[in-house]
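this one's sequence-less:
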């Protein structure tokens with residue numbers, strides 16, 4: 001009996017020790033060292049659970065959601081100085097049962113230095129909502145809102161990288177710059193963060209091919225585009241611009257080069273009939289010449305040059321010229337046809353007709369030429385065989 005009581009008391013003591021250790025872990029925040037030697041603190045103790053790589057669950061669709069957080073990578077990312085609960089609301093209970101979707105307009109509890117107000121992405125979200133990708137008009141909502149991209153469709157929590165190619169290697173540039181910064185800004189880690197923030201915005205976050213891949217992931221889907229009265233841009237890869245990107249030519253244009261040149265923002269892309277759009281007729285000369293930017297495109301662009309088509313003629317031209325309604329999705333024929341009639345000028349329709357006739361001519365000519373060549377070679381072979389047979393006799 002005493003042996004059993006001793007075991008029970010020993011187990012109870014071990015249990016109390018475990019509780020004490022757990023309480024200590026919750027009382028004192030976890031720490032980790034960044035690459036620069038600065039101690040970063042997980043003040044909310046989220047990494048007690050989320051530091052394990054296998055952590056996750058299967059959602060209702062049967063897809064496994066991974067909840068692992070690499071602390072070193074997160075600490076050096078663009079959101080590295082934020083608390084988890086700044087963005088993820090509803091984490092009061094463990095396990096989390098009332099998590100709300102992240103709202104990018106939430107104030108981040110960081111001071112925006114130009115206004116001294118708490119920072120948020122509200123300004124960019126408002127621009128996005130009024131853009132061609134947004135759906136902010138409650139009186140005239142866009143059809144199929146599920147097709148519209150969300151913030152996280154285009155953005156990820158990327159790692160801050162120093163600027164490269166300006167002054168030696170990125171590390172050499174950082175060393176030269178930071179040695180001057182810390183003369184006044186004596187907190188090394190603050191100076192390093194500020195340097196990374198500025199240089200991160202001075203470089204392209206994606207390569208040209210990656211930008212095109214991201215945009216075409218939606219815009220090459222002909223069924224999705226027809227639902228919104230738009231052409232699929234699969235024809236972009238038939239253009240000279242795409243060949244420049246494919247062969248990695250310097251200053252090759254991607255989607256951003258034309259739709260978001262100097263003076264415009266990716267969050268406020270407008271349809272081409274909007275006068276605020278970079279591809280509107282009144283703005284095309286500036287867009288093609290890319291005035292004020294580091295990318296050199298067509299500095300001598302004229303109105304006639306800028307009036308040409310960048311994307312090859314597609315579904316809309318066929319709808320206007322041939323009335324090929326079967327091309328469109330049945331439920332959205334009227335929208336696609338309406339957009340086609342509005343977007344295609346008489347000159348463009350004539351150009352498309354000429355190109356169609358030329359294409360048809362070559363479709364007929366090439367098989368005929370090949371057919372005549374095959375007939376010629378066949379007759380020549382038969383004649384040669386007949387001649388050889390005659391000579392042998």
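Thanks, I have it. As the structure is a computational prediction, the values presented were derived from the model and not from experiment.

domains in the protein, by residue range?
Segmentation of the chain into domains, based on automatic domain parsing, reads 1-81, 345-392.

quick check: longest helix of this structure.
Scanning the chain for the longest helix, with DSSP state H as the assignment, gives helix 346-392.

and the average pLDDT for that one is what?
Mean pLDDT, helix 346-392: 90.

ok, and the closest non-adjacent residue to the most centrally placed residue in the chain?
Central residue of the chain (Cα atoms, centre = their mean): residue 154, 3.6 Å from the mean position. Leaving aside its chain neighbours, residue 154 sits nearest to residue 214 (6.4 Å; criterion: Cβ to Cβ, 6 or more residues apart in numbering). Yep, even glycine has a C-beta here, placed from its N, CA and C like the rest.

which element is the one you found on?
Using DSSP states H and E, residue 214 maps to helix 208-219.

what are the contacting residues of that helix?
Residues outside helix 208-219 that contact it (Cβ atoms under 8 Å, 6 or more residues apart in numbering) are 147, 149, 154, 206, 224-225, 230, 232-234, 236, 242, 245-246, 252-256.

any idea how far residue 302 is from the residue nearest to the centre of the chain?
34 Å (Cβ to Cβ, to the nearest Å).

kindly report the same for residue 176.
Using Cβ to Cβ, one gets 43 Å for the distance from residue 176 to residue 302.

and the host helix or strand of residue 127, what other elements does it pack with?
In this structure, residue 127 sits in helix 122-129 according to DSSP H and E. Packing partners of helix 122-129 (3 or more Cβ pairs under 8 Å, 6 or more residues apart in numbering; DSSP states H and E): none among the helices and strands.

for the closest residue to residue 352 other than its chain neighbours, give me its contacts.
Leaving aside its chain neighbours, residue 352 sits nearest to residue 317 (4.2 Å; criterion: Cβ to Cβ, 6+ apart). Listed by Cβ under 8 Å, 6+ apart, the contact partners of residue 317 are 340, 344, 348-349, 352.

please apply the same query to residue 312.
Counting by Cβ under 8 Å, 6+ apart, residue 312 touches 235-236, 238-239.

repeat the analysis, applying 6 Å as the threshold.
235, 238 (Cβ atoms under 6 Å, 6 or more residues apart in numbering).

state the pLDDT value of it.
We have a pLDDT of 75 for residue 312.

what's the answer for residue 45, then?
Looking at residue 45, its pLDDT reads 85.

what strand or helix carries it?
Using DSSP H and E, residue 45 sits within no helix or strand.

emit the PyMOL select command for whichever of the contacts of residue 317 are buried.
Selection of buried members from those for PyMOL, criterion 16 or more other Cβ atoms under 10 Å:
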select buried, resi 340+344+348+349+352
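
save the contacts of residue 317 as JSON lines, and put in distance to residue 284 too.
Shown next, in JSON lines, are the contacts of residue 317 (distance: Cβ to Cβ, whole Å):
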{"residue": "340", "distance to residue 284": "20"}
{"residue": "344", "distance to residue 284": "17"}
{"residue": "348", "distance to residue 284": "14"}
{"residue": "349", "distance to residue 284": "19"}
{"residue": "352", "distance to residue 284": "20"}
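
give me the low-pLDDT residue ranges for this protein?
1-41, 109, 160-170, 322-334, 393 (pLDDT under 70).

just to revisit the earlier point, any idea how far the residue nearest to the centre of the chain lies from residue 230?
18 Å.

how about residue 47?
Distance of residue 47 to residue 230, computed by Cβ to Cβ: 44 Å.

so where do the helices sit in the stretch 151-300 of the chain?
All helices of the stretch 151-300 of the chain, identified by DSSP state H, counting those that start in this stretch, fall at 151-154, 170-181, 188-201, 208-219, 222-227, 240-246, 255-259, 284-289.

centre of the chain versus the fourth one, how much separation?
What that stands for is helix 208-219. Helix 208-219 sits 7 Å away from the centroid of its parent chain (Cα atoms, centre = their mean, to the nearest Å).

now the shortest one
Averaging C-alpha positions (Cα atoms, centre = their mean) puts helix 151-154 7 Å from its chain's average.

and it, what's buried?
The neighbour-count check on helix 151-154 (16+ other Cβ under 10 Å) flags residue 154 as buried.

what sits up against that helix?
Here helix 151-154 has contacts from residue 104, using Cβ under 6 Å, 6+ apart.

if we use 8 Å, what do you get?
For helix 151-154, contacts defined as Cβ under 8 Å, 6+ apart pick out 102, 104, 121, 125, 128, 214.

separation between the last one and residue 155?
With the distance defined as Cβ to Cβ, residue 214 ends up 10 Å from residue 155.

can you give me the strands for the stretch 51-200 of the chain?
Using DSSP state E, counting those that start in this stretch, the strands found in the stretch 51-200 of the chain span residues 56-58, 64-66, 111-112, 117-118.

in a markdown table: these, plus mean neighbour count.
Shown next, in a markdown table, are those (neighbours: other Cβ atoms under 10 Å):
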| stretch | mean neighbour count |
| --- | --- |
| strand 56-58 | 10 |
| strand 64-66 | 9 |
| strand 111-112 | 12 |
| strand 117-118 | 11 |
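
mind checking which of those is nearest residue 182?
Nearest to residue 182 among these is strand 111-112; the distance by Cβ to Cβ comes to 21.0 Å.

what's the offset of that closest one from the middle of its chain?
Between the centre of strand 111-112 and the centre of its host chain there is 26 Å, according to Cα atoms, centre = their mean.

quick one, what contacts residue 253?
208, 241, 244-245, 295, 297.

would you list the residues you listed in CSV and tack on neighbour count and distance to residue 336?
Below are the contacts of residue 253 laid out as CSV (neighbours: other Cβ atoms under 10 Å; distance: Cβ to Cβ, whole Å):
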residue, neighbour count, distance to residue 336
208, 22, 29
241, 21, 25
244, 16, 30
245, 21, 28
295, 14, 33
297, 18, 31
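
looking at these, spot the one nearest residue 65.
Closest approach between the contacts of residue 253 and residue 65, by Cβ to Cβ: residue 208, at 31.8 Å.
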